[in-house]
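>>> Let's see this in three dimensions:
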Amino acid sequence: MPLETFLFPLGIILLAFGGDRLVLGARDLSSKLEVPPFIIGIFILGFGTSLPELFVTIRALENGNSDIAIGGILGSNIANILLVLGVSLLLIKNKSIDVISSKDIFVMLFATSLFCYFIYSGSIKEGWSLAMILSLPVYLYLSYKFFNKKNTDFDYNNNSSNLIIFINLLIGFFFLIYGSKLFINGLIVISKFYGIQESVVGISLAAIGTSLPELSVTIAAFLRKEGSVALGNIVGSNIFNILGVLGLSTLLMGEINFSNEFTGINSIVLMASGIWILYIAINKPNNTKLFGYISLFSYVFYTIFIYF
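Got it, this is the predicted structure:
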């Protein structure tokens with residue numbers, strides 16, 4: 001087995017540390033700005049933890065591996081809900097579900113529907129890129145001003161200096177980005193060694209690798225009893241993966257062609273997972289562990305299905 005495969009354990013360590021630092025910085029920043037932690041979860045963590053997806057997508061497109069690039073975005077959004085949310089529901093206290101705004105999830109579903117349209121049309125034209133990118137600040141404004149007014153359950157007392165907050169955020173982003181790079185490089189070497197298809201590598205291995213920041217942040221947030229930060233991170237990351245990562249990649253790299261490997265079960269599971277989190281947000285189930293186990297089992301079953 002190639003020596004590069006041993007990079008991914010080091011990547012996991014960096015991701016765990018980076019996730020903890022990022023949660024600390026985000027919590028203190030929300031205190032300084034006096035905004036709800038769910039909003040910080042969307043603005044900073046959700047978009048920040050999607051940076052690995054952005055770098056991996058652009059790098060894959062530069063190398064001519066469009067299936068890895070598109071599969072990474074699709075698979076990452078599925079993993080964020082079924083895997084990351086599944087873990088969240090096992091750790092969460094029921095009251096934390098109340099901070100998920102269904103309006104934010106409807107925006108996520110709209111972005112997901114747009115992604116599925118590109119998949120079935122076979123490509124995404126350059127003309128879409130600017131519209132997708134410009135829609136992000138519009139969404140951020142609406143989310144902050146109108147979607148999450150009630151989500152103010154936070155203690156704003158905080159003594160951390162601005163420098164400490166900045167250092168924690170900077171260290172967190174650096175370790176998440178670099179840790180993801182090491183982890184993914186190791187997994188890609190393994191996939192080539194065993195001859196796994198690029199589309200499957202993108203949907204599964206690359207997707208899991210780029211979703212590790214979200215998972216690391218989610219676990220770190222719940223360990224620090226910041227459930228609303230974690231849930232905002234999941235929703236924000238999925239929105240940014242499509243509108244930001246796909247939009248910016250198209251702007252920089254030009255038209256992107258999609259293979260037919262992503263139609264059928266892959267796009268169906270992507271859309272179904274979005275509807276799943278909407279159902280949870282609207283119904284606010286009491287038995288969160290049951291829904292967590294259903295999410296995790298669904299992800300395992302889906303992963304096994306695409307391999308066999």
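
>>> Only C-alpha atoms from now on, for both contacts and neighbour counts.
Noted.

>>> Low-confidence regions, the stretch 151-300 of the chain specifically.
Along the stretch 151-300 of the chain, the model assigns pLDDT under 70 to residues 151-159, 184, 187, 221-231.

>>> any chance you could map the helices in it?
162-194, 198-200, 207-223, 227-240, 247-253, 265-283, 288-307 (DSSP state H, counting those that start in this stretch).

>>> how near is the residue nearest the centre of the chain to Asn77?
Taking Cα atoms, centre = their mean, the centroid of the chain lies closest to Ser237, which sits 3.8 Å from it. Separation of Ser237 from Asn77 (Cα to Cα, to the nearest Å): 8 Å.

>>> How about Leu90?
Noted for Leu90: a distance of 19 Å to Asn77, by Cα to Cα.

>>> more crowded one of these two?
Asn77 (31 against 16; other Cα atoms under 10 Å).

>>> hang on, the more buried one in a helix?
Yes: counting by DSSP: H, G, I helix; E, B strand; the rest coil, Asn77 falls inside a helix.

>>> Contact partners for the closest residue to it other than its chain neighbours?
Among residues not flanking Asn77 along the chain, Asn238 sits closest, at 5.4 Å (Cα to Cα, 6 or more residues apart in numbering). Listed by Cα atoms under 8 Å, 6 or more residues apart in numbering, the contact set of Asn238 reads 46, 77, 80, 108.

>>> What strand or helix carries the last one?
Assigned by DSSP states H and E, Met108 falls within helix 102-121.

>>> which parts of that helix are buried?
Judged by neighbour count using 16 or more other Cα atoms under 10 Å, the buried positions of helix 102-121 are 102-105, 107-109, 111-113, 115-116, 118-119.

>>> Then stretch 64-77?
65-77.

>>> Could you tell me how far stretch 103-112 lies from the centre of the chain?
Put simply, stretch 103-112 sits 14 Å off its chain's centre (Cα atoms, centre = their mean, to the nearest Å).

>>> now do stretch 199-212
12 Å.

>>> Same check on stretch 13-25?
Per Cα atoms, centre = their mean, the displacement of stretch 13-25 from the mean C-alpha position of its chain is 15 Å.

>>> pull the CA atoms of that stretch into CSV?
This file holds the C-alpha atoms of stretch 13-25, laid out as CSV (Å, rounded to 0.1, in the frame of the first residue of the first chain):
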residue,chain,number,x,y,z
ILE,A,13,-6.3,14.9,14.1
LEU,A,14,-6.0,18.3,12.4
LEU,A,15,-9.7,18.3,11.7
ALA,A,16,-10.6,17.6,15.2
PHE,A,17,-8.4,20.3,16.6
GLY,A,18,-9.5,22.8,14.0
GLY,A,19,-13.2,22.1,14.6
ASP,A,20,-12.8,22.8,18.3
ARG,A,21,-10.9,26.1,17.7
LEU,A,22,-13.5,27.2,15.1
VAL,A,23,-16.4,26.6,17.5
LEU,A,24,-14.7,28.6,20.2
GLY,A,25,-14.1,31.5,17.9
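
>>> what about stretch 239-246, distance to the chain center?
Put simply, stretch 239-246 sits 10 Å off its chain's centre (Cα atoms, centre = their mean).

>>> ok, back up a step: looking at the helices of the stretch 151-300 of the chain, spot the one closest to Asp20.
helix 207-223 (5.2 Å; Cα to Cα).

>>> my guess is Gly236 contacts Asn77, does it?
No: if you go by Cα atoms under 8 Å, Gly236 and Asn77 don't touch, sitting 10.6 Å apart.

>>> which residues do those two both contact?
Counting by Cα under 8 Å, 6+ apart, nothing touches both Gly236 and Asn77.

>>> To what extent is Ala220 buried, counted in neighbours?
Neighbours around Ala220, by other Cα under 10 Å: 23.

>>> With adjacent residues omitted, what lies nearest to it?
Asp20 (5.2 Å).

>>> Pull the contacting residues for the one you found.
172, 216-217, 220-221.

>>> Reformat those as a markdown table; add distance to Ser273.
Output for those, formatted as a markdown table (distance: Cα to Cα, whole Å):
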| residue | distance to Ser273 |
| --- | --- |
| Gly172 | 28 |
| Ser216 | 20 |
| Val217 | 20 |
| Ala220 | 23 |
| Ala221 | 22 |
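
>>> Tell me the one of these nearest Ile242?
Once Cα to Cα is applied, the member of the contacts of Asp20 that ends up nearest Ile242 is Val217, at 19.9 Å.
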